[in-house]
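>>> please work out how this folds:
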Amino acid sequence: MLRRWQRILQKDLNLIDANIFLRYLTWDVPPMAERCKGLFKRLEFGQEEARVLDITIAEVVWTLQKFFSLEKKRIGEILKPIINFKGLKTENKEALINALTVYADSDVDFPDAYLSEISKRVKTKVYSYDRDIDSLGAERIEP
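Have a look, this model is predicted:
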């Protein structure tokens with residue numbers, strides 16, 4: 001496990017916390033949002049590189065939906081282009097994008113969409129009582 005994290009974090013890239021995304025996307029604190037805008041502009045064109053962990057994206061999705069009342073489709077529309085920024089590195093970029101698409105287009109929550117996406121990629125089953133998993137193409141089993 002430690003080796004995996006060493007590989008993921010092998011480059012000396014700074015990590016981005018959810019609040020940076022939230023300030024930029026909601027503009028709720030304008031001075032902070034302006035600085036975040038500068039960071040994301042540099043990331044967009046690869047002038048700077050930074051890493052966002054998948055769990056951070058999950059936190060951003062949850063906060064945008066629960067606290068800022070954004071619709072799921074809108075959340076997907078605004079996050080997918082950012083995740084594709086040239087300088088923004090993730091653990092599983094393609095899985096995040098696909099999970100956001102599934103989340104935006106269905107009644108499932110983001111963690112279920114992401115879990116299903118990862119399980120399909122690595123060809124594993126998902127232990128869960130959540131029947132939403134069944135509709136996502138992943139194989140769900142109960143303990």
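>>> so what's residue 31 up against?
The contact partners of residue 31, taken as Cβ atoms under 8 Å, 6 or more residues apart in numbering, number zero. Quick note: C-beta positions are derived from backbone N, CA and C, even for glycine.
>>> residue 45 contacts residue 38, doesn't it?
No: using Cβ atoms under 8 Å, residue 45 makes no contact with residue 38, being 11.7 Å away.
>>> if I look at residue 1, what pLDDT would I see?
Among the per-residue scores, residue 1 shows a pLDDT of 45.
>>> repeat for residue 9
58.
>>> quick check: mean pLDDT of the helix or strand hosting residue 31?
Element membership of residue 31 [criterion: DSSP states H and E] is helix 30-44. The predicted model assigns helix 30-44 a mean pLDDT of 98.
>>> the next helix or strand along the chain from it pairs with which strands?
Counting by DSSP H and E, the next helix or strand C-terminal to helix 30-44 is strand 50-51. As defined by DSSP bridges, the strand partners of strand 50-51 come to strand 14-15 (parallel), strand 88-89 (parallel).
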